[in-house]
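Engineer: Turn this into a structure:
(chains A, B, C and D)
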Protein chains: 2
Amino acid sequence: MAGTRVSEDVRREQILRGAFAVATRDGIGRLTVRAVAGEAAVSHALVLYHFKSRNALVHQLLEWLLANTSVLRVSEDIARFPRVLDRLHALLQQEMSRLSHEPQHTRLFYEFWALGVRDESIRDRISAELERYRAAFREIMEELRVAEPSSFGKVTADGMAAVAVSWIHGCAVQAMIDPAHFDTEEYLAAVRGIVGQLG
Amino acid sequence: MAGTRVSEDVRREQILRGAFAVATRDGIGRLTVRAVAGEAAVSHALVLYHFKSRNALVHQLLEWLLANTSVLRVSEDIARFPRVLDRLHALLQQEMSRLSHEPQHTRLFYEFWALGVRDESIRDRISAELERYRAAFREIMEELRVAEPSSFGKVTADGMAAVAVSWIHGCAVQAMIDPAHFDTEEYLAAVRGIVGQLG
DNA sequence: GGGTATATTGACCAGTTGGTCAATAGGGGC
DNA sequence: GCCCCTATTGACCAACTGGTCAATATACCC
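Structural biologist: Sure, this is the predicted structure:
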């Protein structure tokens, strides 16, 4: 009994949503073609018809995830702050908030990151995304450096951007494993304290 | 044809080494009882005889990993530095160096961390380890705060320790996915620049 | 309304998995 | 030299895996 026919794009999206649900619930390791099919309420053969293989499905899921994650955009609200330091602070706050509000997306991203250790294609994709992220931070860091050149000595904008990104990832690690003891305010207060001394 | 008999402790260690080899090579997700048995050159039934189930084996592997990882010890070399800031710097350098020199251990630790998201028992164990790590950093941070109270304002030692730990984890994330572009020196220079301004 | 292209399906397959179990080999105590 | 305890094994099982394929229901074109 074949189900109702649907345009290819719609069906692919439907299956990818199913894959996302399975991946966030059970982990990518336990993502099976049949589980995805069940979540999307289609036969498992159909999943393999639209995505050639389980592997291809997983790769497409990564693309889907990156396309559906709101990441590091300097909003108008943030751009409005006159002082660079305030903008940096707001940006960090925004990203930490994202870690808390899109936890499934963040979790899944790091699960792909772990997969990337052994899969070159995934590694390259994740790597590119991290680079994009670093570059976005670099901009504001360069601004900060130009505004107060005397405070920074030999520290480059690249170096500071890398530190900022690393710190966000570290927060993610903490937040993911122990959300209860992850105190955004305290983290930010500490960073504000440290960076604030520079001015 | 049963192989040579060996004391229980020796055999368990042998199997755990095999499990470590498989986990670092293929990932925990692809760690199968048979693969471990093959690596340890024993039958797969023997693995299940010494460890009740695959799950128990994985949990024991985590214990083994934590017991066999050299982690955050303030060595005599570090303790000798007269200035607290230098000690912090050396400690950070040591930990970053560890990320590079024990990459398999570090990788595997984060793979367990990812597993911890869905396994309470693993999560608790990882959580405790992270807490131990944070506490060790807290000591040196408190020292730093006492030495220069005027520089820190409302920033607590706990807050700074959390930032330091987060930063190390962030570095690990970067180093793991893209070792080529992970420049220990640049990272340290940036942090030294930032923290150094406090004095 | 009939024909065609294709999206969809259930049945099937070979391989792998974790786990059980009866059989047995082998070493330590006597 | 014998016996017993247990570490070790191969055979087996049911469940699940990714993937293939022929059959078919369905939407669209005319």
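Engineer: tell me, how many neighbours does residue A:103 end up with?
Structural biologist: Number of residues near residue A:103 (other C-beta atoms under 10 Å in any protein chain shown) recorded here: 16. For glycine as for every other residue, the C-beta is placed from the backbone atoms N, C-alpha and C.
Engineer: And for residue A:42?
Structural biologist: 19.
Engineer: What of residue A:52?
Structural biologist: The burial count for residue A:52: 10, using other C-beta under 10 Å.
Engineer: again with residue A:89
Structural biologist: Neighbour number of residue A:89 under other C-beta under 10 Å is 18.
Engineer: how about the nearest residue to it, chain neighbours excluded?
Structural biologist: residue A:192 (6.0 Å; C-beta to C-beta, 6 or more residues apart in numbering or on different chains).
Engineer: Next, work out how far apart that neighbour and DNA strand C are.
Structural biologist: The spacing between residue A:192 and DNA strand C, counted by C-beta to the nearest atom of the strand, to the nearest Å, is 48 Å.
Engineer: can you check residue A:96 too?
Structural biologist: 38 Å.
Engineer: Can you read off the pLDDT for that residue?
Structural biologist: At residue A:96, the model reports a pLDDT of 87.
Engineer: Go ahead and confirm it touches residue A:186.
Structural biologist: No. Using C-beta atoms under 8 Å as the test, residue A:96 is too far from residue A:186 to be in contact (11.1 Å).
Engineer: Just want to know which of the two has more residues nearby.
Structural biologist: A direct count of neighbours by other C-beta under 10 Å for residue A:96 and residue A:186 places residue A:96 higher, at 21 against 16.
Engineer: show me the contacts for that one.
Structural biologist: A:168, A:171, A:175, A:184, A:187, A:188 (C-beta atoms under 8 Å, 6 or more residues apart in numbering or on different chains).
Engineer: Isn't the residue nearest to residue A:89 up against residue A:88?
Structural biologist: No. In terms of C-beta under 8 Å, residue A:192 does not count as a neighbour of residue A:88; the distance is 9.3 Å.
Engineer: so for the helix or strand hosting residue A:189, what's the average pLDDT?
Structural biologist: Using DSSP states H and E, residue A:189 sits in helix A:184-196. In this model, helix A:184-196 has a mean pLDDT of 76.
Engineer: just how off-centre is that helix within its chain?
Structural biologist: Centre-to-centre, helix A:184-196 and its host chain are 22 Å apart (C-alpha atoms, centre = their mean, to the nearest Å).
Engineer: CA atoms only for that helix, dumped as PDB, please.
Structural biologist: Coordinates of each C-alpha in helix A:184-196 appear next as PDB, following Å, rounded to 0.1, in the frame of the first residue of the first chain:
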ATOM      1  CA  THR A 184      26.000  32.100  32.300                       C
ATOM      2  CA  GLU A 185      26.100  35.200  34.500                       C
ATOM      3  CA  GLU A 186      29.100  34.100  36.500                       C
ATOM      4  CA  TYR A 187      31.000  33.100  33.300                       C
ATOM      5  CA  LEU A 188      30.300  36.500  31.800                       C
ATOM      6  CA  ALA A 189      31.100  38.400  34.900                       C
ATOM      7  CA  ALA A 190      34.500  36.700  35.000                       C
ATOM      8  CA  VAL A 191      35.200  37.400  31.400                       C
ATOM      9  CA  ARG A 192      34.000  41.000  31.700                       C
ATOM     10  CA  GLY A 193      36.300  41.300  34.700                       C
ATOM     11  CA  ILE A 194      39.300  40.000  32.900                       C
ATOM     12  CA  VAL A 195      38.700  41.800  29.600                       C
ATOM     13  CA  GLY A 196      37.500  44.900  31.300                       C
END
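Engineer: packing partners for that helix?
Structural biologist: helix A:84-101, helix B:157-177, helix B:184-196 (3 or more C-beta pairs under 8 Å, 6 or more residues apart in numbering or on different chains; DSSP states H and E).
Engineer: can you count the residues close to residue A:50?
Structural biologist: 16.
Engineer: what about residue A:77, neighbour count?
Structural biologist: 9.
Engineer: What residues of whatever helix or strand it lives in count as buried?
Structural biologist: Using DSSP H and E, residue A:77 sits within helix A:76-79. The neighbour-count check on helix A:76-79 (16 or more other C-beta atoms under 10 Å in any protein chain shown) flags residue A:78 as buried.
Engineer: Same check on stretch A:46-53?
Structural biologist: Result for stretch A:46-53 [16+ other C-beta under 10 Å]: buried residues A:46, A:47, A:50, A:51.
Engineer: could you dump these to CSV with distance to chain B?
Structural biologist: Output for those, formatted as CSV (distance: C-beta to the nearest C-beta, whole Å):
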residue, distance to chain B
A:46, 25
A:47, 20
A:50, 24
A:51, 20
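Engineer: Now render the residues you listed as CSV, adding pLDDT.
Structural biologist: Below are these laid out as CSV (pLDDT from 0 to 100):
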residue, pLDDT
A:46, 97
A:47, 98
A:50, 97
A:51, 97
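Engineer: what subset of those is also close to DNA strand D?
Structural biologist: Among these, no residue is within reach of DNA strand D (C-beta under 7 Å from any atom of the strand).
Engineer: Where does the prediction get shaky in chain A?
Structural biologist: A:1-3, A:72-74, A:194-199 (pLDDT under 70).
Engineer: Which helix in it has the most residues?
Structural biologist: helix A:120-147 (DSSP state H).
Engineer: Pull the distance from that helix to the chain's centre.
Structural biologist: 12 Å.
Engineer: ditto for stretch A:140-149
Structural biologist: So, by C-alpha atoms, centre = their mean, the centroid of stretch A:140-149 is 26 Å from its chain's centroid.
Engineer: Compute the number of surrounding residues for residue A:147.
Structural biologist: Residue A:147, neighbours per other C-beta under 10 Å, totals 13.
Engineer: so what's the nearest residue to it once chain neighbours are set aside up against?
Structural biologist: Leaving aside its sequence neighbours, residue A:147 sits nearest to residue A:84 (C-beta to C-beta, 6+ apart; 5.1 Å). Shown in contact with residue A:84 (C-beta under 8 Å, 6+ apart): A:140, A:143, A:144, A:147.
Engineer: Just the buried subset of those residues, please.
Structural biologist: Judged by 16+ other C-beta under 10 Å, buried ones among the contacts of residue A:84: A:140, A:144.
Engineer: Redo the contacts of residue A:84 as JSON lines? Include distance to residue B:63.
Structural biologist: Shown next, in JSON lines, are the contacts of residue A:84 (distance: C-beta to C-beta, whole Å):
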{"residue": "A:140", "distance to residue B:63": "43"}
{"residue": "A:143", "distance to residue B:63": "48"}
{"residue": "A:144", "distance to residue B:63": "45"}
{"residue": "A:147", "distance to residue B:63": "50"}
